[in-house]
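**Q** everything below, folded, please.
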Amino acid sequence: MSDLYNRIMSLCDNAGISGYRLCKDAGIQPSVLTDLKMGRQLGLSAKNADKIASYFGVSVGYLLGTEQKKEPTTKSDELDLQLEGIDFALFGEVKEMTDEQKQDVLDYIKFKKSQQKRE
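**A** Numbers count the residues shown, from 1 in each chain. Okay, the predicted model is just below:
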């Protein structure tokens, strides 16, 4: 098993999903993870690396192990990191929100993801 496979599965565990669910949601073939697990592949195509990184909201560099993930120092920093991609999508509006509002957004996202898992 490669470090890359272990990192991907750690991200899956943290998100509460299986590797198969990741593949289905991200639009990649499940054999990609199987090949990494079995050592038949040592890396990912740029396209698949980008899909997986985007799915988890991490950089490709973090996914591939070439950069460290930012660690939050306060609860507010943690909320900001979790909403980083959403802030970009909302043209910076998240910065104007209170920590309570940010937590509400995260809770709603988790709720919608749990609904999707049941479908």
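**Q** state the distance from residue 97 to residue 104.
**A** 9 Å (C-beta to C-beta, to the nearest Å). All C-beta atoms are positioned from the backbone trio N, CA, C, and that covers glycine.
**Q** who has more neighbours, these two?
**A** Per other C-beta atoms under 10 Å, whichever of residue 97 and residue 104 has more neighbours is residue 97, with 17 against 12.
**Q** from what I can see that one touches residue 103, true?
**A** No: applying C-beta atoms under 8 Å, one finds residue 97 not in contact with residue 103, separated by 9.5 Å.
**Q** what sits against the residue lying closest to residue 15 once chain neighbours are set aside?
**A** Closest residue to residue 15 apart from its sequence neighbours, by C-beta to C-beta, 6 or more residues apart in numbering: residue 56 at 6.8 Å. By C-beta atoms under 8 Å, 6 or more residues apart in numbering, the contact list for residue 56 reads 11, 15, 63.
**Q** equivalent analysis for residue 40, please.
**A** Applying C-beta under 8 Å, 6+ apart to residue 40 gives the contacts residue 34.
**Q** on the three-state scheme, it is what?
**A** Here residue 40 is coil, with the state taken from DSSP: H, G, I helix; E, B strand; the rest coil.
**Q** from residue 110, how far out is it?
**A** When residue 40 is compared with residue 110 (using C-beta to C-beta), they lie 34 Å apart.
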